[in-house]
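Engineer: task: produce atomic coordinates for the following.
(chains A and B)
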Amino acid sequence: MARIWHPPAGLLDGMGGQPLPSVVATAMAAAAAQGWADPRRLHHAGRQAGALLNAARSSIANSLSMAAGMTITTEEIYFTSGVAAAQAFALDGYPGALALGSVETTALLDLGEVRPATQIVAVDAYGRIDAEAFHRAAATAAIAALQVANTEVGTCQPIELVAATDPDLPILMDASQAIGRIPLPQGWSMLTAGARDWAGPAGVAILVVRREVRWLPPINADRGWLGGLPDIAGAVGAATALEALMNEQVTLAQKAHADIELLRAGIVSGLTDVEVLGDPVWRLPHILNFSVLYVSGEALVTELDKRGFAVASGSACVADHARPSHVLAAMGAYTGGNIRISLPLGCTTETVENFLEVLPSAVAAVRADI
Amino acid sequence: MNPQVWLDERGRRCPLPIIALNRAAMEQPAGTVIALISDDPAAKFDVPAWCRIKNATFLGESPVADGGDGLVFQIMVDEAN
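Structural biologist: Prediction:
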């Protein structure tokens, strides 16, 4: 089967976005042409839009059932505009104290800050929560929030252990970067993910609420869309992109896993004074994070860009608030000269090999410049 | 323990304070205590991490004596450095 993902050569920042596959763009254009009306309207155009939205919702339910290894029904799926919005809706509909890890997204940590009695649990050097400490926090928590895996360093969280230890504590699980990449853990109650993670459109995310969860939608969830008018074309694009990924998830994950192993070995052997971060084994297949001593992250990202490679960084000089990534800080990792690689879908081994060839000279150039 | 070497890296951003610290550590014998003054927000994380990676001992951080911006980080050079 022909691959549908064609990221530009040199793109090693898949989390920062990748071009929409043409099959997704085509499906979205067709949906926009037919589904332009408000699906609440009873006239023909409204019903047509409603039918497209329903079909997208049911397709997402099918794909997610595959990803999660259990049956998820159409009624359990909600659409909204982004993962942070999905998390806010999930927590708004489920009051009570929140327990979360210190490496969750800043958006989720912000939600925790305005909620009473939130407990933030520390992580180890790999960025994994201490399950014992989480269990102690669970004693007074009404709900837990955890990522399947940290999206900056790739380390998986012990979701199934938390679920088995505290079976009555519902888990709001952020499956960002994990859906279609690894089999999802069992034991969650609510799940969030963004369609751009699977090369779908940027403005669509999903919230899944298992039927048995006592969650009340904080606003009207008309036909499964939370907040504003439904983006019919976006929902169709999200569904089409996820179907395509689920058809190939196993081969893609194996390839990404091997390419990251290649990168890890090449970085350690090709550079001096470098620290590769995150769990080398229990991790997302396509993410690698490392820090290079005695260079600035900004200078290294710029130097690599000059040489045709797009990468991200968690160093303070690259971040928005002149502070290093809170994830690296929580891990006790070296935050300077940081490089965050996330292979886009369809990334070629050639791109990875070419990057390894260029990296030592790029580092040398930046170090010589200081 | 009184530091034998003082590095005032205030006003300089990552990676310059760490480069200065590394250079000083390489020049000094094992057991030397180095104090680094830095107002770089990354130093709080990167000085302890550098110590871990380079086998130096992180002795702690304290406010600057004159009450100004920044922190004083103290480290001890180890045999393996």
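Engineer: where exactly do the strands run in the chain?
Structural biologist: Assuming you mean chain A. In chain A, the strands defined using DSSP state E lie at A:77-80, A:98-101, A:119-121, A:143-147, A:171-174, A:190-194, A:205-209, A:221-222, A:225-226, A:274-277, A:287-292, A:338-342.
Engineer: switch to chain B, please.
Structural biologist: For chain B, strands defined by DSSP E occupy the ranges B:5-8, B:33-38, B:57-63, B:71-76.
Engineer: quick check: can you name the pairing partners of the second one and their directions?
Structural biologist: Strand pairing for strand B:33-38, using DSSP bridges, gives strand B:5-8 (parallel), strand B:71-76 (antiparallel).
Engineer: would you mind finding the most buried of those strands?
Structural biologist: strand B:71-76 (a mean of 21; mean count of other Cβ atoms under 10 Å in any protein chain shown). All C-beta spots, glycine's among them, are computed from the backbone N, C-alpha and C.
Engineer: pLDDT (mean, whole number) over that one?
Structural biologist: Averaged across strand B:71-76, the pLDDT comes to 97.
Engineer: how far off strand B:57-63 does that strand point, in degrees?
Structural biologist: For strand B:71-76 against strand B:57-63, the angle by axes from the mean of the first three to the mean of the last three Cα atoms, to 10 degrees is 160 degrees.
Engineer: who in the stretch 151-300 of chain A is up against chain B?
Structural biologist: With Cβ under 8 Å from any Cβ of the partner chain as the criterion, the stretch 151-300 of chain A meets chain B at residues A:Asp273, A:Glu275, A:Leu293, A:Tyr294, A:Val295, A:Ser296, A:Gly297.
Engineer: specify the beta-bridge partners of A:Leu11.
Structural biologist: Applying DSSP bridges, one finds that A:Leu11 bridges with A:Ala310.
Engineer: pLDDT wise, what is A:Gly228 at?
Structural biologist: So A:Gly228 comes in at 87 (pLDDT).
Engineer: that one touches A:Ser81, doesn't it?
Structural biologist: Yes: using Cβ atoms under 8 Å, A:Gly228 makes contact with A:Ser81 at a distance of 7.2 Å.
Engineer: where does chain B have low pLDDT?
Structural biologist: B:80-81 (pLDDT under 70).
Engineer: what parts of it come near chain A?
Structural biologist: Selection of chain B residues close to chain A by Cβ under 8 Å from any Cβ yields B:13-16, B:18-19, B:22, B:40-42, B:45-46, B:48-50, B:52-53.
Engineer: buried subset of the residues you listed?
Structural biologist: B:13-16, B:18-19, B:22, B:40-42, B:45-46, B:48-50, B:53 (16 or more other Cβ atoms under 10 Å in any protein chain shown).
Engineer: and those residues, which of them are in helices?
Structural biologist: B:Leu16, B:Ile18, B:Ile19, B:Asn22, B:Phe45, B:Asp46, B:Pro48, B:Ala49, B:Trp50, B:Ile53 (DSSP state H).
Engineer: just the closest residue of chain A to chain B, please.
Structural biologist: A:Tyr334 (3.9 Å; Cβ to the nearest Cβ).
Engineer: rewinding a little: what's the least confident stretch among the strands of chain A?
Structural biologist: The weakest mean pLDDT among those belongs to strand A:221-222, with a mean of 83.
Engineer: who's in contact with residue 21?
Structural biologist: Here I'm looking at chain A. For A:Pro21, the contacting residues are A:Ile4, A:Trp5, A:His6, A:Ala199, A:Ala241, A:Ala244, by Cβ atoms under 8 Å, 6 or more residues apart in numbering or on different chains.
Engineer: chain B, not that one
Structural biologist: Contact analysis of B:Leu21 by Cβ under 8 Å, 6+ apart lists B:Leu7, B:Glu9, B:Ile34, B:Leu36, B:Val47, B:Trp50, B:Ile75.
Engineer: ok, so of those, who is nearest A:Asp110?
Structural biologist: Closest approach between the contacts of B:Leu21 and A:Asp110, by Cβ to Cβ: B:Val47, at 27.7 Å.
Engineer: count of neighbours near that closest one?
Structural biologist: The number of residues packed near B:Val47 is 23, by other Cβ atoms under 10 Å in any protein chain shown.
Engineer: how about it: what's its closest non-neighbour residue?
Structural biologist: Excluding the flanking residues, the one nearest B:Val47 by Cβ to Cβ, 6 or more residues apart in numbering or on different chains is B:Phe73, at 4.4 Å.
Engineer: any low-confidence regions in chain A?
Structural biologist: Where chain A drops to pLDDT under 70, the residues are A:1-2, A:319-321.
Engineer: all helices for it, in order.
Structural biologist: A:22-34, A:44-68, A:83-92, A:106-113, A:131-138, A:159-165, A:232-270, A:297-306, A:326-331, A:349-368.
Engineer: what's the most buried one of these?
Structural biologist: Stretch with highest mean neighbour count among the helices of chain A: helix A:326-331 (a mean of 24; mean count of other Cβ under 10 Å).
Engineer: close enough to count as contact, the residue of chain A closest to chain B and A:Phe290?
Structural biologist: No: applying Cβ under 8 Å as the test, A:Tyr334 and A:Phe290 come out as separate, 9.5 Å apart.
Engineer: common neighbours of these two, please.
Structural biologist: The overlap between the contact sets of A:Tyr334 and A:Phe290 (Cβ under 8 Å, 6+ apart) consists of A:Glu275.
Engineer: those two - which one has more neighbours?
Structural biologist: The neighbour count for A:Tyr334 versus A:Phe290, taken as other Cβ under 10 Å, is higher for A:Tyr334 (29 against 23).
Engineer: show the contacting residues for the more buried one.
Structural biologist: Residues in contact with A:Tyr334 (Cβ under 8 Å, 6+ apart) are A:Glu275, A:Ser291, A:Leu293, A:Leu328, B:Phe45, B:Asp46, B:Ala49, B:Trp50, B:Ile53.
Engineer: now do the contacts for the residue lying closest to it once chain neighbours are set aside.
Structural biologist: Ranked by Cβ to Cβ, 6+ apart and with sequence neighbours excluded, the top spatial neighbour of A:Tyr334 is B:Ala49, at 3.9 Å. By Cβ under 8 Å, 6+ apart, B:Ala49 lies in contact with A:Glu275, A:Gly332, A:Ala333, A:Tyr334, A:Thr335.
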